[in-house]
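S.K.: what's the 3D shape of this:
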Amino acid sequence: MLEIHDIHAGYGQVQVLHGVDLSVDTGRIVALLGSNGAGKSTLNNNISGIYRPFSGRITWEGKDITGLRSDRVVELGIIQVPEGRRIFPNLSVRENLELGAYRRARARRNQNLERVMDVFPRLRERHSQLAGTLSGGEQQMLAIGRGLMAEPRLLILDEPSLGLSPLLVEEMFGLIQELNSQGLSIFLVEQNVMQSLEIADRAYVLENGRVTLSGSAAELIDDPQLKKVYLGL
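M.R.: You can find the predicted model right below:
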């Protein structure tokens, strides 16, 4: 579905990614794991067309989309839920959700709004409330719901558990599994290593802009290098 080929990328003269290769298969959860500053969000932003890589190639269903404008990437069905939620705090919950359908699935906005509110009943309860007054967990639900409004074919989730309580983290990972069980392909970008591996089909570990480990999630859970670096075992 999505293929990343030898991507070198960064900002200005600063290179962040050094020859990254990975792939996301249809219907799977693929996790990209790494500590803060490893280059995870940089990769997301290159996939999403926010930045253009220095070199390398990004393909979507066999078609080269390297450097494609972000609005065109959205039209393909590649939807990113960015780190930090990036909601519009002075707009209502409903208005935030409706903006998710601005470039894609506009004709089905009302139907998708109902679907999202079925997935997130708390958003239905707070549909007229200003988004900035929601709790952190509710804001994350809103950010994901806004992404779902565009009928994603691939949903990129950048640190969805960041800043959430342990109970809400469990709820968030359960939600990701549920969305995947409905057929949605998910690229999960996380620092939360063990819980990501528990729900992912495949995983990559990014360190200092390079993929240092990759394989099935089951294989990586038992990898001694990963346990030593990330779990202190």
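S.K.: what are the ranges of the helices in this structure?
M.R.: Under the criterion DSSP state H, helices of the chain are mapped to 40-47, 70-76, 93-99, 109-119, 121-125, 136-148, 166-181, 193-199, 217-221, 224-226.
S.K.: Lowest average confidence across those, which one?
M.R.: Per-stretch mean pLDDT for the helices of the chain is lowest at helix 224-226 (a mean of 79).
S.K.: Mind listing what's buried along that helix?
M.R.: Buried residues in helix 224-226, counting neighbours by 16 or more other C-beta atoms under 10 Å, are found at residue 226. Bear in mind the C-beta positions are built from the backbone N, C-alpha and C, glycine included.
S.K.: residues in contact with that helix?
M.R.: With contacts defined as C-beta atoms under 8 Å, 6 or more residues apart in numbering, helix 224-226 is touched by 193, 205, 212, 213, 220.
S.K.: In those residues, find the pair that's most separated.
M.R.: Between any two of the contacts of helix 224-226, the greatest separation by C-beta to C-beta is 13.0 Å, found for 193 and 212.
S.K.: more neighbours, those two?
M.R.: Between residue 193 and residue 212, counting by other C-beta atoms under 10 Å, residue 193 is the more crowded of the two (21 against 14).
S.K.: Test my guess that the more buried one contacts residue 38.
M.R.: No: counting by C-beta atoms under 8 Å, residue 193 stays clear of residue 38, with 11.9 Å between them.
S.K.: Now stretch 3-18: buried residues?
M.R.: Judged by neighbour count (16+ other C-beta under 10 Å), stretch 3-18 contains these buried residues: 3, 4, 5, 7, 8, 9, 10, 16, 17, 18.
S.K.: Let's see which of those end up in strands.
M.R.: With DSSP state E as the criterion, strands contain 3, 4, 5, 7, 8, 9, 10, 16, 17, 18 from among the buried residues of stretch 3-18.
S.K.: do you know how far the second one is from residue 207?
M.R.: In other words, residue 4. 16 Å (C-beta to C-beta, to the nearest Å).
S.K.: For the spatially most central residue of the chain, give the beta-bridge partners.
M.R.: Centroid-nearest residue in the chain, with C-alpha atoms, centre = their mean: residue 157, separated by 1.6 Å. With beta bridges defined as DSSP bridges, residue 157 has these partners: residue 81, residue 188.
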